[in-house]
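Engineer: coords please:
(one chain, ligands or ions: 1)
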Amino acid sequence: MPAPFSSFTDPNLAPIARKVMVGEGLSYDDGVALYASRDLHGIGRLANAVREKLHGNQAFYNRNRHINYTNVCALSCKFCSFYRKRGEEGAYEMPVEQVVATAMKAAEAGATEVHVVGGLHPWLTFDYYLQMLSGIRQACPQLHIKAFTAIEIVHFTRIAKLSVREVLSALKEAGLGSMPGGGAEIFDDRVHDEVFRGKVRADKWFDVHRTAHSLGIFTNATMLYGHVERPEERITHLIKLRELQAESLAGGRAFFNCMIPLSFIPENSELGHLPGPTGLTDLKTLAISRLMLDNVAHIKAFWIMQGIGLSQVALSWGVDDLDGTVVWYDITKRQGGGTTHQELHVNDIRRLIREAGREPVERDTIYRPIVRNTPSLVAAGI
Ligand code: SF4
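Structural biologist: Got it, this is the predicted structure:
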């Protein structure tokens with residue numbers, strides 16, 4: 001067998017490698033065996049082989065700006081260090097004008113996308129969200145608006161008394177381009193009841209994404225790992241995502257653009273006593289996501305959560321995308337010295353990618369390459 005598919009220190013990887021080599025989907029047992037294996041390099045080689053088969057040497061990034069329009073939330077998920085109750089110190093809500101002004105600044109700085117998410121604000125009306133989208137659309141028609149997790153969409157159905165389809169159609173009409181994948185956490189009732197009771201269950205998350213795909217709205221998928229879930233539950237989660245992707249691809253309208261495994265950060269959450277995932281769990285989870293999700297094109301390392309160094313290493317562990325420039329991110333604060341200003345300059349992203357032996361490719365939200373006239377980057381060799 002070719003090198004990536006042989007020479008394992010763990011014999012359990014050999015039958016999995018044979019399946020990967022011929023493009024056969026991995027089973028639940030295969031996924032569990034991968035997590036149980038101590039042959040980290042063997043798993044990495046397999047994930048890297050899939051990644052290079054799909055994308056060669058390319059590694060993607062985009063120029064984006066996150067806008068967290070409010071941190072006021074009706075829920076209190078235990079893993080969340082972002083939410084505040086109204087009136088509590090640090091609670092905020094941005095007027096529509098401020099969101100639009102922020103998007104305009106992002107567009108002027110060269111961003112191609114804004115990523116807009118927030119808490120489940122108990123008093124903002126559905127009109128606020130429609131005005132936000134149409135305001136950005138009018139002010140910056142060239143900017144792609146990726147907005148609202150499935151949990152926010154369900155919240156809108158309640159405040160607007162509309163169905164998921166009606167809410168998504170209205171948002172699309174107002175300017176919604178695609179949706180992020182947050183709110184998935186772990187698709188398991190035990191984990192749900194232990195750490196995010198009150199949030200919608202898996203069936204609702206899937207209902208929102210299935211409906212979005214049927215309306216031609218592309219979405220992302222996520223998994224929050226490294227808290228109270230077990231490896232087996234991560235595998236079940238990945239298989240459920242793979243099943244919806246198969247359904248959506250057969251439907252032929254829209255589907256998951258990418259999978260983003262999110263590394264749990266305990267600090268300042270109610271689960272602060274937990275140790276959080278180790279670097280090996282991060283690498284394994286990124287690689288196993290690549291191997292299990294054979295019908296999702298892209299695996300993204302989100303440098304804010306996995307860290308810049310590990311994200312760079314992960315470019316040889318199944319990852320082909322390093323997300324973007326971000327600028328302000330209020331939800332977790334691992335990078336940026338504990339502030340919400342978390343910016344990675346485009347030159348730094350390109351340098352990180354080049355140093356990892358990959359070819360940096362700026363992409364738009366749906367992974368079309370963006371060509372810019374940037375002689376300064378070329379002159380500087382980045
Ligand atoms: S994770 Fe989302 S829904 Fe849960 S408390 Fe935080 S902001 Fe609210």
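Engineer: which residue packs closest to residue 62, ignoring adjacent ones?
Structural biologist: Of all residues not flanking residue 62 in the chain, residue 324 sits nearest, at 4.2 Å (CB to CB, 6 or more residues apart in numbering). Glycine gets a C-beta too; all of them are placed from N, C-alpha and C.
Engineer: state the distance from the one you found to the ligand.
Structural biologist: 21 Å (CB to the nearest ligand atom, to the nearest Å).
Engineer: equivalent analysis for residue 283, please.
Structural biologist: Separation of residue 283 from the ligand (CB to the nearest ligand atom): 25 Å.
Engineer: how about the helix or strand encompassing residue 173: buried residues?
Structural biologist: Assigning secondary structure by DSSP states H and E places residue 173 in helix 164-174. Buried residues in helix 164-174, counted by 16 or more other CB atoms under 10 Å: 164, 167-172, 174.
Engineer: quick check: mean pLDDT across that helix?
Structural biologist: The predicted model gives helix 164-174 an average pLDDT of 98.
Engineer: quick check: beta-bridge partners of the residue nearest to the spatial centre of the chain?
Structural biologist: By CA atoms, centre = their mean, the mean C-alpha position of the chain lies nearest to residue 260, the distance being 3.6 Å. Bridge pairing for residue 260 (DSSP bridges) gives the partners residue 222.
Engineer: OK, contacts around it?
Structural biologist: Taking CB atoms under 8 Å, 6 or more residues apart in numbering, we find residue 260 in contact with 181, 220-222, 299-300, 302, 323.
Engineer: go on, residue 24?
Structural biologist: Contacts of residue 24 by CB under 8 Å, 6+ apart: none found.
Engineer: picking that back up, and the helix or strand following the helix holding residue 173, how far out from the chain's middle?
Structural biologist: Elements were assigned by DSSP H and E; along the chain past helix 164-174, the next helix or strand is strand 178-179. Here the centre of strand 178-179 is set off from its chain's centre by 11 Å, with CA atoms, centre = their mean, to the nearest Å.
Engineer: wait, residue 106 touches residue 99, no?
Structural biologist: No. Using CB atoms under 8 Å, residue 106 is not in contact with residue 99, being 10.7 Å away.
Engineer: need the contacts of residue 260 in CSV (columns: secondary structure and neighbour count).
Structural biologist: Below are the contacts of residue 260 laid out as CSV (DSSP: H, G, I helix; E, B strand; the rest coil; neighbours: other CB atoms under 10 Å):
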residue, secondary structure, neighbour count
181, coil, 22
220, strand, 23
221, strand, 27
222, strand, 23
299, strand, 26
300, strand, 27
302, coil, 21
323, strand, 23
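Engineer: for those residues, which one is nearest residue 83?
Structural biologist: residue 222 (17.6 Å; CB to CB).
Engineer: residue contacts, that closest one?
Structural biologist: 180-184, 259-262.
Engineer: same deal with residue 292?
Structural biologist: Counting by CB under 8 Å, 6+ apart, the residues that residue 292 touches are 26, 31, 235, 238-239, 242.
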